[in-house]
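> return a 3D structure for these sequence lines:
(one chain, ligands or ions: 1)
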Amino acid sequence: MKDVRKHHPDTQCVHASLIHDETGCVVTPIYQTSTFSFRNVDHGAALFSGKVKGYIYTRMGNPTVESVETAVAVLEKGYAGIGCASGMAASHLTISSLVGAGDHMICSRAVYGPTAGLARNVMSRFGVKTTFVDTSDIANIAGAITPETKLIFIETPGNPTMAVTDIEATARLAHDNGIKLAVDNTFMSPILQRPLEWGADVVVHSMTKFLNGHADVVAGIVVVNNEEDYQHFRRMSNYLGGTIDPFNSFLVARGIKTLAIRIERHCSNAMKLAQYLEQHPQVERVMYPGLKSHPQYDRHRKQARGPGGLISFELKGGIEAGKILMNSVELLVLAVSLGGVESLIQHPASMTHSSMERADRLQAGITDGLVRISVGIEDADELIADLEQGLAKIK
Ligand SMILES: *Cc1c(COP(=O)(O)O)cnc(C)c1O
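Next comes the predicted model:
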């Protein structure tokens with residue numbers, strides 16, 4: 001078997017998910033089975049005690065699931081991965097594995113909405129307190145630490161402002177205080193950013209996004225960096241039960257083979273769109289870590305290999321302008337989610353967050369004219385032409 005860990009990430013994308021079996025398969029097959037037979041009583045006992053490695057029951061482990069877990073762990077330079085039913089299942093597994101009643105956690109204010117909801121509406125019911133701060137300023141994190149703080153959970157770049165948090169400095173601060181650092185790396189993928197290399201303890205992904213990349217799977221993963229955490233998280237995953245299934249694992253493993261080349265195109269396309277939008281008279285400002293105007297441009301360049309495929313921008317015309325643009329685009333698809341090969345556009349104030357009070361919306365960084373594009377891998381000039389005709393309809 002190849003030692004995939006020593007290879008370049010482009011090579012790892014192609015080869016890291018293959019689990020060899022006696023058939024000589026070139027792709028890990030879908031082991032669509034809920035359970036695995038024991039050869040005899042002793043074999044069953046040895047599997048359960050952990051003396052022999054093997055498969056028992058698919059919630060606890062399955063070769064196809066393992067193939068995607070290995071691929072992402074290798075790409076993240078982590079110790080091992082635990083596949084989850086969704087990105088939210090991965091965040092839930094992470095948080096409930098690291099905090100309990102009486103504990104406190106600190107979370108980025110610019111975070112995926114349901115992640116904040118998990119802290120506010122679920123973890124709070126189990127006695128876990130959460131403080132949300134703008135983690136792009138390390139002083140805010142330091143100021144929020146209490147003796148009960150057990151976890152810092154960050155997203156960088158964050159939702160929807162694209163604020164960038166310094167992973168290395170946050171990891172140092174966390175460890176000086178006996179705190180674990182978890183990073184939601186969904187926006188970057190391991191091709192662009194590997195938080196464990198900067199000292200983070202846990203990486204969380206929604207594999208629904210770039211890792212799968214084809215908008216046809218909901219899945220997640222947690223990557224940890226040592227055996228002790230792995231055993232703990234694996235046990236917790238077995239109890240929580242939000243595990244990924246073999247078929248979705250197969251699809252994500254297939255998606256990962258083209259991850260590196262997809263990310264290259266996502267970045268170059270997004271850069272072109274961001275530059276185009278930045279000079280457009282209807283646009284107030286563009287939030288994209290690839291632009292020099294981004295407040296943490298240098299920090300992002302230090303910790304990531306590229307700016308990624310997500311752009312947020314502010315329309316001068318507010319809500320009405322946003323609605324006109326949404327109803328005018330023809331090539332860009334009006335939908336939430338991100339990281340797929342097709343470009344998606346979204347105007348939170350008139351769509352996903354329209355039922356929210358305006359003051360609460362603004363507090364969450366969702367301004368009236370905020371538009372988000374997940375830039376796909378289509379021809380960049382055609383995407384720009386589509387935006388051009390849409391923006392021209394705004395008076
Ligand atoms: C989509 C997303 C999630 C949640 O993932 P699901 O697979 O939809 O559960 C978490 N974090 C970020 C940054 C996301 O974009």
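> okay, buried residues for the host helix or strand of residue 249 please.
Element membership for residue 249 (DSSP states H and E) is helix 246-256. By neighbour count on 16 or more other CB atoms under 10 Å, the buried set for helix 246-256 is 246, 248-256. For every residue, glycine as well, the C-beta is placed using N, CA and C.
> need these in CSV with distance to residue 366, can you?
Below are those laid out as CSV (distance: CB to CB, whole Å):
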residue, distance to residue 366
246, 38
248, 30
249, 34
250, 36
251, 32
252, 30
253, 35
254, 35
255, 29
256, 32
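> mind checking how far the residue of the stretch 201-350 of the chain found nearest the ligand is from residue 216?
Evaluated by CB to the nearest ligand atom, the stretch 201-350 of the chain has residue 206 as its residue closest to the ligand, separated by 2.9 Å. From residue 206 across to residue 216, the span is 14 Å (CB to CB, to the nearest Å).
> the more surrounded of the two?
Comparing residue 206 with residue 216 by other CB atoms under 10 Å, the one with more neighbours is residue 206, at 28 against 12.
> so that one bridges to which residues?
Residue 206 forms beta bridges with residue 220, as assigned by DSSP bridges.
> I'd say it and residue 186 touch.
Yes: contact criterion CB atoms under 8 Å: residue 206 and residue 186 qualify, at 4.6 Å.
> shared neighbours, those two?
Shared between the contact lists of residue 206 and residue 186 (criterion: CB atoms under 8 Å, 6 or more residues apart in numbering) are residues 87, 112.
> I'd like the average pLDDT over the helix holding residue 249.
Averaging pLDDT along helix 246-256 yields 98.
> please enumerate the strands of this protein.
In the chain, the strands defined using DSSP state E lie at 80-84, 104-108, 129-133, 149-155, 180-184, 202-206, 220-224, 283-287, 310-315, 333-334, 344-346, 370-374.
> re earlier: check which helices and strands the helix holding residue 249 is in contact with.
Applying 3 or more CB pairs under 8 Å, 6 or more residues apart in numbering; DSSP states H and E, we find helix 246-256 packed against helix 63-75.
> what's the helix it packs on packed up against?
Here helix 63-75 touches helix 9-15, strand 80-84, helix 189-192, strand 220-224, helix 246-256, going by 3+ CB pairs under 8 Å, 6+ apart.
> can the shortest one be found next to the ligand?
Spelled out, that is helix 189-192. No: applying CB under 6 Å from any ligand atom, one finds helix 189-192 separated from the ligand by no less than 11.1 Å.
> residue numbers of the protein in contact with the ligand?
Near the ligand, when you scan the chain using CB under 6 Å from any ligand atom, you find 86-88, 112, 115, 155, 159, 184, 186-187, 206, 208-209, 218, 220, 338.
> how far is stretch 45-57 from where the chain is centred?
Averaging C-alpha positions (CA atoms, centre = their mean, to the nearest Å) puts stretch 45-57 32 Å from its chain's average.
> sorry, slip of the keys, the one I care about is stretch 376-387.
For stretch 376-387, the separation from the chain centroid amounts to 24 Å (computed by CA atoms, centre = their mean).
> and for stretch 108-128?
Taking CA atoms, centre = their mean, one finds stretch 108-128 lying 16 Å from the centre of the chain it belongs to.
> list the buried ones in it?
Neighbour-count burial for stretch 108-128, counted by 16+ other CB under 10 Å, picks out 108-112, 115-116, 118-119, 123, 128.
> repeat for stretch 193-209
Using 16+ other CB under 10 Å as the test for burial, stretch 193-209 gives 193-196, 198-209.
> cool, stretch 219-229 as well?
So for stretch 219-229, counting by 16+ other CB under 10 Å, buried means 219-225, 229.
> list the contacts of the residue in the chain positioned nearest to the ligand.
Across the chain, the shortest distance to the ligand (CB to the nearest ligand atom) belongs to residue 87, at 2.2 Å. Under the criterion of CB under 8 Å, 6+ apart, the neighbours of residue 87 are 112, 184, 186, 204-209, 218-220.
> since that was my last question, I'll sign off now.
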